[in-house]
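Engineer: Just to be clear, the model below is a prediction. Sequence and coordinates:
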Amino acid sequence: MEMRAVEDIAIGQDLTPPLPPLAVVLNDSALSSHCSACFSTLPPHPFFPTTLQNLSHVPKNIPTPLYCSPRCSSIDSPLHFSSGEPYLLSLFLQSPPATWDDSSDLRLSLRLLYIFREHLKECSFLPSFPGSTTSERRLLLGGKKDYSFQQNQNVAGPDDYLENKEEQRENMKSCCHNDIVMERIAGLMTNRERLIFGENRKDQFRGSYEEDNLKENRENREGSCESTESVSERIREGAELMAKARRMCLDEDGNVEKQEEFVVEEMVLCLVLTNAVEVQDKSGCSTGVAVYGTAISWINHSCSPNACYRFSLGLENNEQPRLRIVSAAKMLDPGNGNCLMMEGDFQHPFSEQNLYGPRIIVRSIKAVNKGEEVTIAYTDLLQPKEMRQAELWLKYRFSCRCQRCVALPKTYVDYALQALSAANSDSPKSTINKMEKLSLNFDDAINDYLSHGDPKSCCMKLEHLLSHGQLLDELLEPKEAKSPPKLKMHPFHHLSLDAYTTLASAYKVQASDLLALNYEAGSLKLEAFNMYKTSAAYSLLLAGAVDHLFMFESALVASVANFWINAGESLLSLARSSLWDSFLNPGPNHIEFSSFLTQKCNWCCLTDTSGPNLMQLEEIKRQISNCIANKTSQVWGMLASESNFLRLIQNPIDFSWLASAETSTGLHLHVAEPVVEKGCIPLKAGACNDEVGMNLILLGIHCLRYGRLLSAICFGLSAERTTTQLIEFFKESG
Ligand SMILES: C[S@@+](CC[C@H](N)C(=O)[O-])C[C@H]1O[C@@H](n2cnc3c(N)ncnc32)[C@H](O)[C@@H]1O
């Protein structure tokens, strides 16, 4: 299945109304901070579950879902208890499973399994799924006696189907050897066979591949043989836990036989692994996981997608668009009733409460023609091709054949994400080995910060790796101690991009740790100030490097928007910091800050409060990025001064200097010439006589504005702050 546009659609438009999930759960870590029904942040006195179930059966001392209102509690808690979720949480706590570190996918699967069975009991006939409807019905309802269904006495319950346990098992097995039943439940693909057994029986790779792609696909698949086993082991362990939880919920002992098969649980778990999307809050942090209906779950992946999605927690008052995508099958045959039933018409038992859970909205990030396939990204698009392919194969068992993946030679972006600088003169084979080791060394350095809370060691190691491309064991015995540092990791390499993200955060943490230590000590203040500076510089470098790649791959818009916003906030926080008082007199803190935000920039539409008209997007983008380039050239020297690595970067926005750094070693990295117009007219500085500080503020405002403009493309104008809101924001944070 795939989804197509029903009409021509411009960039930055919603393709769906906000669609409610079939089922949704919070991550384990968000259970105590967010409402389990609507995902909003919990109030100081949250509400507990109101349940219809017999509470005496529910295990004690397990995390309880909390709610923002009695209404949310009454919507969600019956499902929480009926599905067996509390028992799964208790099993998780008693003996944490080896292959699952968070229970959310398993709890989501339990909820879906319950919902599917409720739905089947309420329908006198199954929706027109292709294939044997009877076997699907038998498969899902043929489980053990389920007391939670007793309320529906007037419809056929599971017991009416199969009383005998052996018969149930045999029936499940036979159902599962029916291809069609294995493939889908409620129209959603389970992918169970491929996930558990590796290759599909039908060779999905047969076809018109170019030789190179065939070879590469084979290598990716061979490389993941071992991981196929670990994936199936994980599914098996998860399904067993689900089965135990369901049996405990049914007032049984929860024992399962050693060789028992948990086919139904496996199918629903595989459906979750194949279709679930990670729910994120406004700041991009993952809060939970959800499965949506076919309108969303039938959207395929591309590494250069034309759409993205966002979540909406409240009711959006503005006019809601209709569904502007349909399945390819329906597009070809609009009268096809089978398809009609499958497209968004599946109603779960809680459908009257259509406000349940965070709703999803799909949005175009490129212009889409009528009839064109609508695609989204299942993976991080800032990974090079081989990494994306390996991840997609591991998680979904398909080889992506999108335009970006089949391009020969590779696209510029994929080339750049793996490029080494010309200073590297090793043979290709030793380069591959070295890169593998380097990658481990980067992971190790980042781990110092993330797992061991040691930002200082992390920064030291990462900067050394970035500027020398030298393995850490070489670091102990420097071979070329006297030679000047050379830029060996390319600034666009994916490891470099990861490193900038970590460095921006680790320097900021170090600075606040220092200030917390002793705010009054002058030397510490200076050190902290320098760390804030370096952190802002890394944020700017990250935004500049990804913006360069964005010029060649417009699907990177969501990432680049985020990086510009972070850079803007980081630069403005630096400019607003009271630490300036110690080193600059008078510092930019003395400037009437809001006057900067309200002044009109002569070269771009900085103070356009009505929000950008997306039709003029290209022009606005060009103007703002010119201002950014201009201001950057005036502050970069100051920002980069404390880091050996950053001093090697001549300009973090305009990378034309790299072309000359690429010497004669056979690597010809094409570096685009950025469109930079000189002579951005400075805003009127008012009483300010500190040029650096003023430029820093102007740069920060432009970065923020540019990031918000790009973010409006992916997430809508509501995500874009007006100038007035910006002033409020900085008044609060100042
Ligand atoms: C969420 S579903 C997408 C809809 C799916 N095509 C269907 O028929 O229901 C995810 C599954 O679709 C398939 N898929 C998605 N994108 C694909 C792509 N670019 N190439 C091949 N298969 C893809 C994979 O089997 C994947 O596990």
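Structural biologist: Great, that's in hand. Numbers count the residues shown, from 1 in each chain.
Engineer: give me every residue that touches Leu106.
Structural biologist: Leu88, Trp100, Gly238, Leu241, Met242, Leu269 (C-beta atoms under 8 Å, 6 or more residues apart in numbering). All C-beta spots, glycine's among them, are computed from the backbone N, C-alpha and C.
Engineer: so it sits in a helix?
Structural biologist: Yes - Leu106: assigned to a helix according to DSSP: H, G, I helix; E, B strand; the rest coil.
Engineer: Now it: closest residue in space, sequence neighbours ignored.
Structural biologist: Spatial nearest neighbour of Leu106, excluding adjacent residues (C-beta to C-beta, 6 or more residues apart in numbering): Gly238 at 5.2 Å.
Engineer: same check, this time on Pro321
Structural biologist: Asp14 (4.6 Å).
Engineer: I'd like the distance from the closest residue in space to Thr375 that isn't next to it in sequence to the ligand, if you could.
Structural biologist: Nearest residue to Thr375, sequence neighbours excluded (C-beta to C-beta, 6+ apart): Ser302, at 3.6 Å. Ser302 is 6 Å from the ligand, where distance means C-beta to the nearest ligand atom, to the nearest Å.
Engineer: just checking, Ser302 touches Cys402?
Structural biologist: Yes - the pair Ser302 / Cys402 is scored as a contact, 4.1 Å apart, by C-beta atoms under 8 Å.
Engineer: for the stretch 601-734 of the chain, what spans make up the helices?
Structural biologist: 617-640, 644-648, 656-661, 691-715, 723-733 (DSSP state H, counting those that start in this stretch).
Engineer: which of those is buried the deepest?
Structural biologist: helix 691-715 (a mean of 24; mean count of other C-beta atoms under 10 Å).
Engineer: if we can go back for a sec, was I right about the residue nearest to Leu106 contacting Asp101?
Structural biologist: No - with contact defined as C-beta under 8 Å, Gly238 does not reach Asp101; the gap is 11.8 Å.
Engineer: The two: which has the busier surroundings?
Structural biologist: Gly238 (25 against 9; other C-beta atoms under 10 Å).
Engineer: residues touching the more buried one, list them.
Structural biologist: Pro97, Thr99, Trp100, Asp105, Leu106, Ser109, Glu265, Leu269.
Engineer: What about the closest residue to the last one other than its chain neighbours, how many residues nearby?
Structural biologist: Going back to what we said before, that points to Leu269. Excluding the flanking residues, the one nearest Leu269 by C-beta to C-beta, 6+ apart is Ser109, at 4.5 Å. Neighbours of Ser109 under the rule other C-beta under 10 Å: 29.
Engineer: Val268 is in contact with Ser109, correct?
Structural biologist: Yes - with contacts counted by C-beta under 8 Å, Ser109 reaches Val268, the gap being 4.7 Å.
Engineer: residues shared between the contacts of these two?
Structural biologist: In contact with both Ser109 and Val268: Met242, using C-beta under 8 Å, 6+ apart.
Engineer: for the stretch 301-450 of the chain, which spans come out with low pLDDT?
Structural biologist: For the stretch 301-450 of the chain, applying pLDDT under 70 flags the ranges 314-320, 334-355, 421-431.
Engineer: Around the ligand, pick out the residues from it.
Structural biologist: Residues of the stretch 301-450 of the chain lying near the ligand by C-beta under 6 Å from any ligand atom: His301, Ser302, Tyr396, Phe398, Cys400, Cys402.
Engineer: repeat that with 5 Å
Structural biologist: His301, Tyr396, Phe398, Cys400 (C-beta under 5 Å from any ligand atom).
Engineer: Averaged over its residues, which helix or strand of this protein has the lowest pLDDT?
Structural biologist: Lowest by mean pLDDT, DSSP states H and E among the helices and strands of the chain is helix 158-161, with a mean of 35.
Engineer: What about Met432, how many residues nearby?
Structural biologist: I think there's a mix-up here, since residue 432 is Ile and not Met. 11.
Engineer: can you tell me the helix or strand for it?
Structural biologist: helix 428-450 (DSSP states H and E).
Engineer: Return the alpha-carbon coordinates of that helix using CSV.
Structural biologist: In CSV, the C-alpha atoms belonging to helix 428-450 read as follows (Å, rounded to 0.1, in the frame of the first residue of the first chain):
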residue,chain,number,x,y,z
PRO,A,428,41.0,3.3,0.9
LYS,A,429,41.1,0.0,2.8
SER,A,430,43.0,1.4,5.8
THR,A,431,40.7,4.4,5.6
ILE,A,432,37.6,2.1,6.1
ASN,A,433,39.2,0.4,9.1
LYS,A,434,40.3,3.6,10.5
MET,A,435,36.8,5.1,10.1
GLU,A,436,35.3,2.2,11.9
LYS,A,437,37.7,2.7,14.8
LEU,A,438,37.1,6.5,14.7
SER,A,439,33.4,5.9,14.9
LEU,A,440,33.9,3.8,18.0
ASN,A,441,36.1,6.6,19.4
PHE,A,442,33.4,9.2,18.8
ASP,A,443,30.8,7.0,20.5
ASP,A,444,33.2,6.5,23.4
ALA,A,445,33.7,10.3,23.8
ILE,A,446,30.0,11.1,23.5
ASN,A,447,29.3,8.3,26.1
ASP,A,448,31.7,10.1,28.5
TYR,A,449,29.1,12.9,28.6
LEU,A,450,25.8,11.1,28.1
